[in-house]
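Chemist: give me a 3D structure for the following:
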Amino acid sequence: AESVYTFQKSDDDGLDIVPIFKRFAPEHSPPTLYNHGFENMDSLGALYSRVSSHIFGDWNACGKVMGLAPWAESIWTEDKIGGDSKRLIQPKLHKDPIVSGTLYKDDDLVIDRSLIEGIPFCARNDPELFMDDSASPRKRYDFDTPENVPDYGGDEEVSDTPDTSQQRPAQVALDAIALASRMQTDLETVAMDFVQHFKDETQESNLCLVGGVALNSVLNGRLSRELNFEKTFIPPYPGDDGIAVGCCAYGLNRKAKDSDTSTSPTTVWKEPLTPYLGGVPSDLEIKMALDQADPWIEVEVIRDDQQRYKRMVDEIASGGVIAWYRSRSEMGPRALGHRSILADPRKHGLVRFINEHVKSRESFRPFAPSALADEANDWFDLSNSDDGKFSNVSPFMSITAQVKEHQRHKIPAVTHVDGSSRLQTVRKEDEPSYHAFISAFFKATGIPMVLNTSFNTIPGEPIVETPMQAIRSFLYTAGNLEMLILDDYVITRKPADLRKLLGEVEKQAGSTSKAAVSTEPAYPKRAGQVSFQSSFDMPEESADDDNIDIITTTKVQMADRILHVDGKWTELLDELEAELLSICDGTVSLNEILANYISIPDEDGNQKKDYMDEETQQLLQNIVFRMSRLYDLTFIYW
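Modeler: Numbers count the residues shown, from 1 in each chain. Okay, the predicted model is just below:
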């Protein structure tokens with residue numbers, strides 16, 4: 001369950017590690033269960049995972065629980081029937097703890113699982129989730145910032161952000177907030193006591209945290225600020241993924257101690273290992289990915305770093321959202337500037353926009369800033385360091401701190417509902433390229449940070465690793481990511497060229513003709529072999545009618561297309577879209593396709609010359625719209 005060690009360098013430059021405390025927890029579930037029934041064990045991490053399962057149906061969504069907990073003090077209002085008064089909407093907080101007591105005394109830990117028994121929140125079908133007019137239920141955990149939270153700004157409009165009225169939480173969301181808050185409070189109370197106890201016992205002045213609980217940046221922030229350690233270190237991979245690095249470090253240490261030091265230098269590193277341990281994509285790999293996506297992207301090469309940074313700064317400062325892919329990928333769950341989605345922290349509307357339209361995730365989830373280390377102390381409460389001077393406390397986005405109150409209105413997109421922010425501090429010596437980009441944004445805007453979130457936009461998929469995955473994830477957002485910077489390549493989405501499809505091109509510069517120049521039309525072609533799946537639904541009330549209304553649903557799979565997701569079928573709009581996809585074999589132009597639909601036979605059965613009446617024009621618009629949509633979904637190109 002929980003363990004404590006002390007360690008220090010030995011005289012021979014090795015490490016002396018001394019176990020101080022270890023607590024074991026029994027398995028309450030059969031070991032044959034997935035993950036050994038980990039979430040039913042009696043440890044802080046296991047209980048937190050159990051709450052995660054109860055709320056989200058996923059034992060490993062603990063980061064969502066941490067992001068949900070700060071909403072506990074929020075209060076929403078709505079008009080009562082008649083409009084004469086307001087009804088308050090707020091979570092009903094739990095007084096009794098889920099876990100209490102101490103970890104270091106025998107049989108002193110008290111666990112109450114009553115709040116996480118019964119029907120999980122992720123399975124509740126409350127009537128209010130189905131009360132609107134839409135065919136699908138309301139999103140379970142979709143809500144906006146309430147009225148009792150100070151206005152953090154956001155008066156600058158974000159282009160293409162839908163204008164929506166304030167969304168208030170459903171009852172299941174309020175219950176989830178209360179549960180998340182209770183678990184987060186209990187985690188902090190018990191863990192703070194645990195660490196303080198062993199700090200007093202060992203008289204150690206530095207703290208190193210590992211294990212899955214060390215991903216809880218809110219707890220880390222409190223440990224760092226409140227327990228008066230000289231230094232607090234959390235590696236970028238404190239969970240199970242870091243075990244490989246730890247084994248490697250231990251092996252190198254043992255090898256160094258066993259080696260003949262007169263001929264073999266000590267190989268243990270002198271400072272924390274870089275988090276950038278992924279493979280380096282070759283230029284050939286990048287070019288092959290660009291070639292594969294060529295029908296759907298436009299590429300500009302900008303070799304000069306400063307010019308490229310200026311292009312990026314101009315884009316995000318104008319309200320755009322971009323993705324940056326470069327060099328080795330990060331190990332661990334945090335994107336630290338090598339596989340990142342970046343935006344302007346001054347624009348509050350970007351929180352919902354990125355959550356909903358870029359990341360396809362819940363609206364309540366906050367975003368983190370990547371801040372210049374030398375400037376961070378002016379924006380965040382980092383009072384743990386000597387004389388209030390700044391130390392590089394969070395290079396791996398491991399610590400949550402409070403945004404200084406007078407600064408919150410300037411960076412609303414990275415200030416959570418409780419005024420907190422999980423920050424990454426960036427130093428030039430650690431990350432010269434990322435530091436240079438943030439510095440360019442600072443120079444242009446006066447804000448020494450950018451909004452940074454992980455570069456993964458396809459639901460269920462991890463942070464991108466390869467150039468092809470980066471382009472695929474970029475295209476998946478359907479234009480909501482304005483730009484992808486892939487090393488020296490600046491990539492934008494190529495819009496469907498309808499003039500080319502229709503056999504028209506823009507008139508040449510200097511031409512006196514007002515009309516577009518006709519040219520040979522394009523021949524749309526499928527991006528690969530396609531499989532169709534059709535289903536038919538007949539409503540019960542029409543079973544006895546003469547005119548039976550049968551609803552046809554057509555889904556397709558195309559394994560070779562860029563946006564294909566294994567095992568997933570894409571639903572088409574209608575039978576017309578399915579027919580168009582089947583016709584696009586690269587030998588038929590749009591005009592020929594259109595003629596097939598609108599030609600009218602004469603009395604002898606011969607095809608008359610088609611004409612463009614109102615109905616035909618509507619059909620043409622429908623066909624062009626569907627062709628454009630199939631192009632955007634990477635099913636076809638021309």
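
Chemist: mind checking how far E73 is from L633?
Modeler: According to Cβ to Cβ, to the nearest Å, E73 and L633 sit 43 Å apart. C-beta coordinates here come from the backbone N, C-alpha and C atoms, glycine included.

Chemist: ditto for Y276
Modeler: Y276 is 34 Å from L633, by Cβ to Cβ.

Chemist: and those two? Which one has more around it.
Modeler: Each of Y276 and L633 has its neighbours counted (other Cβ atoms under 10 Å); L633 has more, 22 against 19.

Chemist: chain neighbours aside, what residue packs nearest to the more buried one?
Modeler: Leaving aside its chain neighbours, L633 sits nearest to L563 (6.2 Å; criterion: Cβ to Cβ, 6 or more residues apart in numbering).

Chemist: before we move on, which element is M468 in?
Modeler: Assessed by DSSP states H and E, M468 sits inside helix 467-476.

Chemist: same for that helix, what does it pack against?
Modeler: Applying 3 or more Cβ pairs under 8 Å, 6 or more residues apart in numbering; DSSP states H and E, one finds that helix 467-476 contacts helix 283-292, strand 322-325, strand 483-486, strand 489-493.

Chemist: next, the buried residues of the lengthiest helix in the chain.
Modeler: Counting by DSSP state H, the longest helix found in the chain is helix 171-202. Judged by neighbour count (16 or more other Cβ atoms under 10 Å), helix 171-202 contains these buried residues: 171-188, 190-191, 194-195, 197-199.

Chemist: next: stretch 291-304.
Modeler: Applying 16+ other Cβ under 10 Å to stretch 291-304 flags 292-293, 296-297, 299, 302 as buried.

Chemist: and for stretch 44-64?
Modeler: So for stretch 44-64, counting by 16+ other Cβ under 10 Å, buried means 44-56, 59, 61-64.

Chemist: the residues you listed in helices, which ones?
Modeler: Short answer: those in helices (DSSP H) are 44-56, 62-64.

Chemist: farthest pair within those?
Modeler: L44 and F56 (18.4 Å; Cβ to Cβ).

Chemist: quick one on the thing from earlier: just put the buried residues of stretch 291-304 in a markdown table and tack on distance to E330 and pLDDT.
Modeler: Shown next, in a markdown table, are those (distance: Cβ to Cβ, whole Å; pLDDT from 0 to 100):
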| residue | distance to E330 | pLDDT |
| --- | --- | --- |
| Q292 | 25 | 97 |
| A293 | 24 | 98 |
| W296 | 27 | 98 |
| I297 | 24 | 98 |
| V299 | 25 | 98 |
| I302 | 24 | 98 |
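
Chemist: ok, so of the residues you listed, who is nearest G503?
Modeler: W296 (20.9 Å).

Chemist: list the contacts for the closest one?
Modeler: 475, 493-494, 562, 631, 634, 637 (Cβ atoms under 8 Å, 6 or more residues apart in numbering).

Chemist: now render those as TSV, adding distance to T32, pLDDT and neighbour count.
Modeler: Formatted as TSV, these follow (distance: Cβ to Cβ, whole Å; pLDDT from 0 to 100; neighbours: other Cβ atoms under 10 Å):
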residue	distance to T32	pLDDT	neighbour count
L475	41	98	23
R493	47	97	18
K494	51	96	16
I562	39	95	22
Y631	48	97	23
T634	42	97	21
Y637	48	97	20
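
Chemist: relative to E375, how far out is A72?
Modeler: Taking Cβ to Cβ, one finds A72 at 31 Å from E375.

Chemist: in the stretch 451-600 of the chain, where is pLDDT below threshold?
Modeler: Residue ranges of the stretch 451-600 of the chain with pLDDT under 70: 505-517, 540-547, 599-600.

Chemist: so where do the helices sit in it?
Modeler: 467-476, 498-502, 575-583, 590-598 (DSSP state H, counting those that start in this stretch).

Chemist: tell me the most buried of those?
Modeler: helix 467-476 (a mean of 23; mean count of other Cβ atoms under 10 Å).

Chemist: what's the angle from that helix to strand 489-493?
Modeler: 30 degrees (axes from the mean of the first three to the mean of the last three Cα atoms, to 10 degrees).

Chemist: how about residues contacting helix 467-476?
Modeler: Here helix 467-476 has contacts from 281, 285-286, 288-290, 292-293, 296-297, 323, 325, 339, 455-458, 461, 464, 481, 484, 486, 491, 493, 562-563, 634, using Cβ under 8 Å, 6+ apart.

Chemist: pretty sure I116 is touching R50, no?
Modeler: Yes. Because the distance of 5.5 Å satisfies Cβ atoms under 8 Å, I116 is recorded as touching R50.

Chemist: any idea how far the residue nearest the centre of the chain is from A335?
Modeler: By Cα atoms, centre = their mean, the chain has its centre lying nearest to K359, at 4.7 Å. Using Cβ to Cβ, K359 is found at 12 Å from A335.

Chemist: where do the contact lists of these two overlap?
Modeler: 341, 453.

Chemist: and for the residue nearest to L633, the neighbour number?
Modeler: For L563, using other Cβ under 10 Å, the count is 19.

Chemist: picking that back up, and the helix holding M468, C-alpha only, in PDB?
Modeler: The C-alpha coordinates for helix 467-476 follow below in PDB (Å, rounded to 0.1, in the frame of the first residue of the first chain):
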ATOM      1  CA  PRO A 467       4.100  12.000 -37.200                       C
ATOM      2  CA  MET A 468       1.200  10.100 -38.800                       C
ATOM      3  CA  GLN A 469      -0.700  10.000 -35.500                       C
ATOM      4  CA  ALA A 470      -0.100  13.800 -35.100                       C
ATOM      5  CA  ILE A 471      -1.600  14.500 -38.500                       C
ATOM      6  CA  ARG A 472      -4.500  12.100 -37.900                       C
ATOM      7  CA  SER A 473      -5.300  13.700 -34.600                       C
ATOM      8  CA  PHE A 474      -5.000  17.200 -36.200                       C
ATOM      9  CA  LEU A 475      -7.500  16.300 -39.000                       C
ATOM     10  CA  TYR A 476      -9.900  14.600 -36.600                       C
END
